[in-house]
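Enquirer: here are the coordinates; sequence isn't available:
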C-alpha cells in the first residue's frame, strides 16, 4: 500500500513538472512572437500648392464647355458644370481639410457634371500625383478629377459667370452664360442680349431688349456696353467707339 502511494505521488510530481514546462514554453513563445504590435495609423499631409491648377473629369462631356475646377494661387477658385460657372475662395489645411466660399452663378439646365457643387460642399481633399479626390461632409460622396493640360479646358479669358461693380444690391452687373446670352442691370434698367468671343480674346456684346426707366442719381454707364476684355478676374467694358466705360469684377 505504501508503495502504491509512493507511485501515485511520483506520477503527480511528473505531471506537475510537465504542466510547468508547458506553461513556460507557451510564455516564451508569446514573448518571442514575430507578429509586430499594431502601430497608430498615419495621416497623409497635403501642400496647398499641390491643389493649384485646373482639374476636370477623366472623360469628355457633351456640354458647352468641359466641366472643371481651377484652384488659383491667390486662394480663389472658379468651376463649371459645363454650362454654369461659380467663383469663390478656398483654403486647405495640412490634413486636407477644405474650406470654401462661393458667390452667385448662372442657373442654366445642364447635362454636365456638378463639379461646382462638389467644391462648395467638399470638406476634404487629397492629391495623388495628377489625381484629385474631393470628399463631402462625413464622406457621403467623393468626386475624382484629373489634372488638365488641355488649354481649352478651364477659365481662360472667357467671361462666363457673374460680374459686378460692387457687392451691393443696386450695383451694375452682368450674368453671362455659355449659351451666348447675357442678362444684367445698369443699376436702373434690366439688360439682356447676346455675346461672342473674338480671336484676340475680346468679347462683343449685342444688346437686345432692355427696360427704359429713368433713375435719378444713377450712373447707367453699363447700358452703353459694346465690348469687353477679361484680365485677372476683371472685365473692362468699352463703348462702340472704344471708350472705357468701367470695370466689373468676377464673383
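Expert: Now that the structure is in, tell me what you want to look at. Owing to the predicted nature of the structure, the values given are computational and were not obtained by experimental measurement.

Enquirer: which residues touch the closest residue to residue 239 other than its chain neighbours?
Expert: Distances taken as CB to CB, 6 or more residues apart in numbering put residue 224 closest to residue 239, at 4.7 Å, once the chain neighbours are dropped. C-beta: built from backbone N, CA, C; applies to glycine. Contact analysis of residue 224 by CB atoms under 8 Å, 6 or more residues apart in numbering lists 239-240, 245.

Enquirer: nearest to residue 83, of those residues?
Expert: residue 245 (28.1 Å; CB to CB).

Enquirer: before we move on, back to that, give me the subset of the contacts of residue 224 that lies in strands.
Expert: Counting by DSSP state E, the part of these found in strands is residue 245.

Enquirer: Can you flag the buried ones in the contacts of residue 224?
Expert: For the contacts of residue 224, a neighbour count by 16 or more other CB atoms under 10 Å gives the buried set as residue 245.

Enquirer: Excluding chain neighbours, what is closest to residue 219?
Expert: Nearest one to residue 219, counting by CB to CB, 6+ apart, is residue 187 at 6.9 Å.

Enquirer: tell me the contacts of residue 123?
Expert: Counted by CB under 8 Å, 6+ apart, residue 123 has contacts 97-98, 135-137.

Enquirer: Same check on residue 90?
Expert: 51, 71, 75-77, 98-101, 119.

Enquirer: bridging residues for residue 206?
Expert: residue 194 (DSSP bridges).

Enquirer: residues contacting it?
Expert: Applying CB under 8 Å, 6+ apart, we find residue 206 in contact with 193-196.

Enquirer: can you check residue 48 too?
Expert: 91-92.

Enquirer: Swap in 6 Å and give it another go.
Expert: residue 92 (CB atoms under 6 Å, 6 or more residues apart in numbering).

Enquirer: Ok, residue 181 next?
Expert: residue 194.

Enquirer: Residue 70 too?
Expert: 54, 78, 154-155.

Enquirer: Which pair of these spans the longest distance?
Expert: 54 and 78 (9.6 Å).

Enquirer: Look up phi and psi at the residue nearest to residue 239.
Expert: Dihedral angles of residue 224 (phi, psi; degrees, to the nearest 10) stand at phi -90, psi 10.

Enquirer: measure stretch 174-185 end to end?
Expert: 7 Å (CA to CA, to the nearest Å).

Enquirer: should've said stretch 78-89
Expert: Terminal-residue distance, stretch 78-89 (CA to CA): 9 Å.

Enquirer: who touches that stretch?
Expert: Stretch 78-89 has contacts (CB under 6 Å, 6+ apart) with 61, 63-65, 67-70, 75-77, 100-103, 105-106, 108, 110, 112-116, 119, 155, 160-161, 178, 250-251.

Enquirer: what distance separates stretch 60-73 from the centre of its chain?
Expert: 11 Å (CA atoms, centre = their mean, to the nearest Å).

Enquirer: likewise stretch 95-105?
Expert: 7 Å.

Enquirer: Name the residues of it that are buried.
Expert: 96, 98, 100, 102, 105.

Enquirer: For the residue nearest to residue 111 when sequence neighbours are not counted, give me its contacts.
Expert: Spatial nearest neighbour of residue 111, chain neighbours left out: residue 63 (6.3 Å); criterion: CB to CB, 6+ apart. Residue 63 sits next to 82-83, 112 when contact means CB under 6 Å, 6+ apart.

Enquirer: Distance of residue 63 relative to residue 48?
Expert: In this view, residue 63 and residue 48 are 29 Å apart by CB to CB, to the nearest Å.

Enquirer: And the helices in the stretch 101-250 of the chain?
Expert: 115-121 (DSSP state H, counting those that start in this stretch).

Enquirer: Fine by me, thanks again.
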